[in-house]
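# Predicted coordinates and the sequence they were generated for:
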Amino acid sequence: KLADFIDLVAIKNENNNESTPLKDPVTPKTSRLIYLIVTCLQFLTTILFYGLTATVLLVPLLLKDMIPNITYTGIILGSLASFVFFYLFWMALSIVAKWVVIGKFKEGSYPLWGFYYFRFWFVKKFIDMVPINLLTGTPFINWYFKLLGAKIGSNSFLGTDRLRVFDLISIGEDSSLLKESTLLGYSIENEMLHLGRITVGSRCFVGARAMLSMDTMMLDDSMLLELSMLRDHETIPRGAVWKGSPARPFQLHHDYIPNTKKRIKGIKKVGFQFLQTLAFLFVLFFPLFMSAPFTYIYYVLINQYSLSLLILSTIPLIALFILLFCFSISGLKWLLLGKQKPMDIQLDSLLYIRKWIVDSMIFMSLFYFRSIYATLYLPLWLRTTGAKIGKRAEISTLNHLSADLLDIGNESFLADSTSIGVPMVYHGTVNLRETSIGNRSFIGNGAVLLPGTKIGNDCLIGVLSTAPNIDGEKINGSSWLGSPPIFLPNRQESPKF
């Protein structure tokens, strides 16, 4: 039982503490002077970051001063083009800043609030400000991380942007890192910044929201499944499958997506990457194109009418923009994908590019109209994309969904940051399956449901938990917590729910 297990761990810890009393680690302290200098540098750097970001907002005024006869249309088009330019410029500037400010990241421990920590913080914040999540699932994020110093093998799939200590991260060929998997390579403990290596071999798999700590290794053909954490200094043997937090052996061998196909090479690969470039530019420009008419109306109101009229028109204009954006994404989904069915698709295919466009647009909705999430309007919009959502179902924020492959029953609840049906990508194959949730079931914050998961009625999947591999009907009325999930025979129930 869970309670007995916790008591046993507590007893072992007490015995260990009695036999070997812990000593407070001696850590070098940063002097008061250096602390104050670093504080001032961080303050000035923060102003610099905000200033560079705000420069984009000054483009309309600069265009009007530099080109006296420019029209409103010219100002709008110039402003939209500047957003794309600054996106690419900021990426290039972040690469330059990394190599100039810190050079190569080196293993070791460094005092918190010291000069090395400031350089680390500067580079990290600079890269955090680049919206590189749009690059995930494309070869462009591999190129970007390589330019920052990471070692990434050919044909590896990166569905995550959570890499930071780049020079200490090595990923082999044909490996897959799924959405929101984390390979940071640093930690801050006892007033020290620690940097360590992370090595992922060839043909490895890192599941959604899995985490590799410092000085960890995954040997070739190994797997770390979803919502798992590989602790410091641990190694997953060749071909093994580990799962859990902390991760433990789950299977000795695996047969995930066994019928793999060879990846394209040569001129075909170049042509495919050109199409991906066009798709990326489309996703980058689309929100700006949608906002152009509303920006034009704003400039007309500012220059030709009163401020009071501008204020009164703000709310209806924003509402119209959200409606237009929502239904445009729905229309694009049906135009590009139609009705999606459970299938396996190849990464090197036009179908994958089309799906990537749709998934990226739905993900961008979290940024452009997050205000409709966790409201009654979100299920209405998701139904227009093909999702099957029952009556009185409530949805907070979904970090991922495949619309046609999602089935949510009546009165079920999905909490913040749930990830539903994240496609399994392995050896160049994308595995899409239907994910269903029964009536009056609860999916907790940060939970991950794999494609093909079937949750029954009156079920509870806890916070940061995965679903058990049990048939949907047999799981009815049960509660589960953790990764891998532990069955909870009893829990406090609310009679109001």
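Nice, I can see it. Numbers count the residues shown, from 1 in each chain.

# From now on I want contacts and neighbour counts done on CA atoms only, so please keep to that.
Will do.

# low pLDDT regions in the stretch 351-497 of the chain?
471-474, 493-497 (pLDDT under 70).

# Ok, the chain next?
For the chain, the ranges with pLDDT under 70 are 1-27, 60-61, 72, 253-260, 471-474, 493-497.

# run the last query once more with 80
1-29, 53-84, 251-262, 292, 295-296, 298-310, 400-401, 470-475, 490-497 (pLDDT under 80).

# can you give me the helices for it?
For the chain, the helices defined by DSSP state H cover 2-19, 32-54, 59-66, 72-101, 115-128, 139-147, 266-304, 307-336, 350-368, 377-384.

# wait, which of those helices is closest to Met217?
helix 139-147 (19.1 Å; C-alpha to C-alpha).

# tally of neighbours for the nearest residue to Phe83 once chain neighbours are set aside?
Spatially, and ignoring its direct neighbours in sequence, Phe83 is nearest to Val56 (6.7 Å; C-alpha to C-alpha, 6 or more residues apart in numbering). Other residues within reach of Val56, judged by other C-alpha atoms under 10 Å, total 15.

# Over to Phe205?
If you count neighbours by other C-alpha under 10 Å, Phe205 ends up with 29.

# try Leu281
Quick note: Leu281 (other C-alpha under 10 Å) scores 12 neighbours.

# Also Lys124?
The number of residues packed near Lys124 is 15, by other C-alpha under 10 Å.

# Out of the helices of the chain, the one nearest Leu398 is which?
helix 350-368 (8.6 Å).

# Between helix 266-304 and the closest one, find me the angle.
30 degrees (axes from the mean of the first three to the mean of the last three C-alpha atoms, to 10 degrees).

# Please point out which parts of helix 350-368 sit buried.
Burial within helix 350-368, assessed by neighbour count using 16 or more other C-alpha atoms under 10 Å, is assigned to 352-365.

# tell me which of those residues is nearest to Leu481?
Phe363 (26.9 Å).

# thinking again about what came up before, can you redo the buried residues of helix 350-368 as TSV with distance to Gly428?
Shown next, in TSV, are these (distance: C-alpha to C-alpha, whole Å):
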residue	distance to Gly428
Tyr352	11
Ile353	13
Arg354	16
Lys355	15
Trp356	14
Ile357	18
Val358	19
Asp359	18
Ser360	19
Met361	22
Ile362	23
Phe363	22
Met364	25
Ser365	27
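
# Next, count neighbours for Pro489.
10.

# What does it show for phi and psi?
Main-chain torsions, Pro489, degrees, to the nearest 10: phi -70, psi -30.

# How much space separates it from Gly477?
Going from Pro489 to Gly477 by C-alpha to C-alpha, to the nearest Å gives 10 Å.

# For the residue positioned nearest the centre of the chain, what are phi and psi?
What sits nearest the mean C-alpha location of the chain, by C-alpha atoms, centre = their mean, is Glu180, with 4.1 Å. Phi and psi for Glu180, reported as degrees, to the nearest 10, are phi 60, psi 20.
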